[in-house]
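A.B. asks: got a predicted structure plus its sequence, pasted below:
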Amino acid sequence: MALELVTGPTQEPLTLEAAKLHARIDSDDDDQLLMALITSAREWVEGQTKRALVTQTWDWHIDWGWPYMQNGVPTLDFPLNPVSSVTSITYEDGSSPRPTLDASRYTAVTREHNSYIVPAYGETWPTPRCVPNAITVRFVAGQAIDAVPEQIVQALKMLVTHMYERRDLATERQLIEIPYAVEVLIAPYRRSTLG
């Protein structure tokens, strides 16, 4: 299974002004660098928590067919949360273009954690070819900027400041350790097994 970003966020959950204030930066000389660090920090937090912090669209490519059964039901567990909607599900059956699964044939359960897709009541999945990228689910994940938890925003501020202050080490290809406080702040938001 692989994720491919289709449409990235139009805004970051941390503003340049807030990052500069936290890092006590008065000059505008490094604004471009700081914006790149804000994006890097967001992407790192998203990777650690398996959460999209702000709204973005993804293609989820699934190899070989429908992946698992839970309680006898073939279930697709999203690799990234929170999911707000499913745009389409296409599958490989040898025809061109690939068929799109009608939305009435599946149910998308969208939650803060552990979103998933199952066949609608009385429906079964079509049989795709057993090939790489057999199924592609396009979905929207993330939340509005003002819904990003303050704890995550604080972690982003700390991480951006940390990376900015150690930017010379990064150019020397030295490992930059993540501050423990950042790890603590994002810990409650790491992927949960709770429904």
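C.D. replies: On my side now, so go ahead.

A.B. asks: so where's this structure uncertain?
C.D. replies: For the chain, the stretches with pLDDT under 70 are 70-71, 169-175, 192-195.

A.B. asks: at 80 instead, please
C.D. replies: Regions of the chain meeting the criterion pLDDT under 80 cover residues 1, 67-73, 168-176, 191-195.

A.B. asks: can you pull the buried residues of the longest helix along it?
C.D. replies: When every helix of the chain is counted residue by residue (DSSP state H), the longest turns out to be helix 31-49. Neighbour-count burial for helix 31-49, with 16 or more other CB atoms under 10 Å as criterion, is recorded at 34, 35, 37, 38, 41, 42, 44, 45, 46, 48, 49. Where you see a C-beta, it was placed from the backbone N, CA and C, and this is true even at glycine.

A.B. asks: A strand includes residue 20, no?
C.D. replies: No: with DSSP: H, G, I helix; E, B strand; the rest coil as the criterion, residue 20 is helix rather than part of a strand.

A.B. asks: and for it, the neighbour number?
C.D. replies: When neighbours are defined as other CB atoms under 10 Å, residue 20 has 19 of them.

A.B. asks: so it touches residue 37, yeah?
C.D. replies: No: with the criterion set as CB atoms under 8 Å, residue 20 and residue 37 do not qualify as a contacting pair; they are 11.1 Å apart.

A.B. asks: name the nearest residue to residue 23, ignoring sequence neighbours.
C.D. replies: If the residues on either side of it in the chain are set aside, residue 23 comes closest to residue 161, at 4.2 Å by CB to CB, 6 or more residues apart in numbering.

A.B. asks: and the one you found, how far from residue 10?
C.D. replies: 24 Å (CB to CB, to the nearest Å).

A.B. asks: equivalent analysis for residue 89, please.
C.D. replies: Distance from residue 89 to residue 10, counting by CB to CB: 25 Å.

A.B. asks: which stretches in the protein count as helices?
C.D. replies: Applying DSSP H to the chain gives helices spanning 16-23, 31-49, 150-165, 167-171, 180-186.
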